[in-house]
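Asks: structure for the following, please:
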Amino acid sequence: MQMNLPNFLTWLRIVAIPLFVGIFYLPTDWAPPATQNLAATIVFAGAALTDWLDGYLARVLNQTSAFGAFLDPVADKLMVAAALIVLVHLDRLDAPIALIIIGREITISALREWMAQIGKSRSVAVSFLGKIKTAAQMVAIPLLLYHGQVSDMFDAQVAGTWLIYVAAVLTLWSMIYYLRAAMPHVIHDR
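Replies: Okay, here's the model as predicted:
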């Protein structure tokens, strides 16, 4: 494995997961709940930013690698799963929504792995629908982590809740899209 800046940023996202989760276990005299919420939101947003940045840098610096292509989505899924589990634990997200999102990620990752093994990975390449789903998730999760009133007109928890439900619908829709794209190969492989 070659360590370059894009791969370093990806590893940094993985290392940030225990920090992110640990924020909510700090004693309240060290960090009151509002401070914990803000700190976790910043860590998650930073991780989301490095997700975009590592891909951009890999392309611009011509530092793409097979290992980086493997590790990047793993880091993303680990951070999102950790955030969803924390949100369920904090009673800010319903468990079925977290299960839909995490279950879809596991299912599609396994499907992509299988499709790559049979040489058909292009059939389940990331779609525009998948990108919209990811964008909805990556906006909803920080709003749910922040969990407060931003202004008289904007409640982050309410907005995040609506957006995570939109993300869950898009999650199911995109899963159906990918499964349908793979179905001819599944039928042919039997």
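
Asks: now do the helices in the protein.
Replies: 5-22, 33-60, 66-89, 95-117, 128-146, 156-189 (DSSP state H).

Asks: how is this structure divided into domains?
Replies: The record's domain parsing of the chain by automatic domain parsing lists 1-91, 93-190.

Asks: extract the residue ranges of this structure that are flagged as low pLDDT.
Replies: Low-confidence segments of the chain (pLDDT under 70): 1, 120-126, 188-190.

Asks: tell me the centre residue of it?
Replies: Centrality entry for the chain: nearest residue to the mean C-alpha point is Val80, 3.7 Å, by CA atoms, centre = their mean.

Asks: so it sits against Ala98, correct?
Replies: No. Here Val80 does not reach Ala98: they are 9.7 Å apart, not a contact under CB atoms under 8 Å. (C-beta placed from N, C-alpha, C; glycine too.)

Asks: so who does Gln2 touch?
Replies: Residues near Gln2 by CB atoms under 8 Å, 6 or more residues apart in numbering: 65, 67.

Asks: quick one: it from Thr64, how far?
Replies: Gln2 sits 11 Å away from Thr64, going by CB to CB, to the nearest Å.

Asks: and if you look at Gly22?
Replies: Counting by CB to CB, the gap from Gly22 to Thr64 is 32 Å.

Asks: swap in Ala16?
Replies: With CB to CB as the criterion, Ala16 and Thr64 are 22 Å apart.

Asks: which of those two has more residues huddled nearby?
Replies: Set Ala16 next to Thr64 and count neighbours by other CB atoms under 10 Å: Ala16 wins out with 19 against 14.
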